[in-house]
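Enquirer: Got a predicted structure here, sequence first:
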Number of protein chains: 2
Amino acid sequence: MEPLMLFPDPPAPELAQALDLGGYPWKAVSSIEIATRLEPEDGWSGAIICADEDPDSAFTLCRTLRKRDIPFDPVLLLINPTQLTDLSLREDLFDDFCLTPTRPAELAARLKHLFWRTGRGTRPELIEYGPLMLNLETYQAAISGKPLDLTYMEYELLKFLASHPGKVFTRETLLSRVWGYDYYGGARTVDVHVRRLRAKLSEEHAPLIQTVRSVGYRFGESRWSLS
Amino acid sequence: MEPLMLFPDPPAPELAQALDLGGYPWKAVSSIEIATRLEPEDGWSGAIICADEDPDSAFTLCRTLRKRDIPFDPVLLLINPTQLTDLSLREDLFDDFCLTPTRPAELAARLKHLFWRTGRGTRPELIEYGPLMLNLETYQAAISGKPLDLTYMEYELLKFLASHPGKVFTRETLLSRVWGYDYYGGARTVDVHVRRLRAKLSEEHAPLIQTVRSVGYRFGESRWSLS
DNA sequence: CAAGATTGTGAACGGTCTGTGAACCCGTCA
DNA sequence: TGACGGGTTCACAGACCGTTCACAATCTTG
């Protein structure tokens, strides 16, 4: 995990300790110039900015971070209760805040939730596997950013396979799980749908669906990664 | 502004007072059934759920709210400090939390920020999507600046669809959400209304409502920009 | 290498779903 | 009471797509 940016430098000892205990790496900075200089190759994973002692510098720093061409994200603001009213016109400068003196447990919970909601996006229900993305809300699929035009059954089949990457399913299992428990029809139906799926995935990604001879089909890499 | 849902009923007096002072309308509920019954026509604007006294019921309520076909949003959770550890596996059940005993100022700040980032507080009475504009106050609709002459059901259907761009709804869902939970009638009704809507949107904008074969209808472009 | 089993492929059939026009029902209003 | 507007239902045509089949290609087995 990339380090968190902390302001100011040095940070409050309780804060540093809470982060260390929580397993969060961090670097303290005292100005935006230093922050730029210390920035890790893969960027900061977030910032905790304490506006308790020097509010002006703190808010200026927030504003600068947010104005970068890739807006800084997420920002957790630490303020004391008397500063609550200062927030009203600065909603865009932070993603969450925490009152000082901070309880370590609250800080940890806020950090976790912040990373959870910015990291894994609660919004659209997604299935992702490598370059493949399925949006379960909008019934749309894309690979390498390019939208796939799938029919209903193709989508359902791909969705099922991609939900269990690595696992092999027999044609019968697929028929009962994707087509329905009461489905009665030829097993070759699965083959044809798999063929069309492979065709719509580009040739490059067609191997995402693998044939396991005499058994059935598998999506994605094998679990024991033969390579 | 639509009212906030409060749990439990009655809510803590300080909480009720803080909301009243902040100008937030609210209704307290003691169960999901009552919540459903009391739901305003245009939905709740959010929920404040206190898990202090009866955590099990509170978290169950959260889970139910999140599992609706349109996930409930936003949810502010009130907990006491000893419950902080309970949050770790329930990240998806809330959007923000606040420790009890709550400071009115902190609660107000959190509510404000929550509405700010979910984009609800700022534009309460307009729905805009590309060239389409719905004025919920005047019951008027326009596209590319030209007014649309919609009937009541057409307007309601378009309003519902446009409130959730990108998401696919089945005919059954549309019937229950737009026509009413107790509506009993043919699903083809939806088709006909969609056809009339498409006709009234000019031919140019008719594709705003897309058919998802074997599933239902979707308004607007995908969230990941199909272009 | 040969025979059998298994899977890939193209084409065609046929059912299902949607679009569409029109009729029906039922309020309201003159 | 008759005309009108709006919501619902119906019937039908056409497009779409799931299924099947025949045959080619590939793998397995002995």
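Expert: Noted; the coordinates are in hand. Residues are numbered from 1 along each chain as shown, chains lettered A, B, ... in the order given.

Enquirer: Relative to DNA strand C, how far out is the residue nearest to residue A:28 when sequence neighbours are not counted?
Expert: Spatial nearest neighbour of residue A:28, chain neighbours left out: residue A:9 (3.8 Å); criterion: CB to CB, 6 or more residues apart in numbering or on different chains. C-betas here are computed from N, CA, C, even on glycine. Distance of residue A:9 to DNA strand C, computed by CB to the nearest atom of the strand, to the nearest Å: 60 Å.

Enquirer: How about the contacts made by residue A:9?
Expert: Going by CB atoms under 8 Å, 6 or more residues apart in numbering or on different chains, residue A:9 touches A:28-30, A:34.

Enquirer: that's a strand at it, yeah?
Expert: No. Per DSSP: H, G, I helix; E, B strand; the rest coil, residue A:9 lies outside any strand segment and is coil.

Enquirer: Check the burial of the residue in chain A that chain B sits nearest to by counting its neighbours.
Expert: Closest contact between chain A and chain B, by CB to the nearest CB, is at residue A:152 (3.8 Å). Using other CB atoms under 10 Å in any protein chain shown, residue A:152 has 12 other residues around it.

Enquirer: I'd assumed residue B:215 was in contact with it.
Expert: Yes. Using CB atoms under 8 Å, residue A:152 makes contact with residue B:215 at a distance of 6.6 Å.

Enquirer: okay, now residue A:217: neighbour count?
Expert: 22.

Enquirer: Which neighbours in the sheet does the helix or strand harbouring it have, and how are they oriented?
Expert: Per DSSP states H and E: residue A:217 is located in strand A:216-219. Next to strand A:216-219 in the sheet, as set by DSSP bridges, lie strand A:168-170 (antiparallel), strand A:209-212 (antiparallel).

Enquirer: quick one: that strand near DNA strand C?
Expert: Yes. For strand A:216-219, a contact with DNA strand C is found by CB under 7 Å from any atom of the strand, at residue A:216.

Enquirer: got the contact list for that strand?
Expert: Contacts of strand A:216-219 (CB under 8 Å, 6+ apart): A:129, A:158, A:161-162, A:164-171, A:173-174, A:190, A:194, A:208-212.

Enquirer: does it come close to DNA strand D?
Expert: No. Strand A:216-219 does not reach DNA strand D (CB under 7 Å from any atom of the strand); its nearest approach is 14.3 Å.

Enquirer: burial measure for residue A:45, as a count.
Expert: Residue A:45 is flanked by 19 other residues according to other CB under 10 Å.

Enquirer: should've said residue A:63
Expert: Neighbours of residue A:63 (other CB under 10 Å): 13.

Enquirer: list the buried ones in the helix or strand harbouring it?
Expert: Per DSSP H and E, residue A:63 falls inside helix A:55-67. Within helix A:55-67, the residues that count as buried by 16 or more other CB atoms under 10 Å in any protein chain shown are A:57-59, A:61-62, A:65.

Enquirer: Please enumerate the helices of chain A.
Expert: Remark: helices assigned in chain A by DSSP state H are A:13-22, A:32-38, A:55-67, A:104-119, A:152-163, A:171-174, A:188-200.

Enquirer: Among these, which comes closest to residue B:49?
Expert: Set against residue B:49 and scored by CB to CB, the helices of chain A come closest in helix A:104-119, at 15.2 Å.

Enquirer: Show residues contacting the closest one.
Expert: A:14-15, A:17-18, A:21-22, A:24, A:45-46, A:48, A:73-74, A:76, A:95-96, A:98, A:122, B:81, B:84-85, B:87-88, B:91-92, B:94-97, B:99.

Enquirer: Near chain B, which residues of chain A? Just list them.
Expert: Within chain A, the positions adjacent to chain B are A:81, A:84-85, A:87-88, A:91-92, A:94-97, A:99, A:103, A:105-106, A:108-109, A:112-113, A:116-117, A:122, A:124, A:133, A:135, A:137-140, A:142, A:145, A:147, A:151-152 by CB under 8 Å from any CB of the partner chain.

Enquirer: show me where pLDDT drops low in chain A?
Expert: By pLDDT under 70, the low-scoring segments of chain A are A:69-71, A:119-124, A:222-227.
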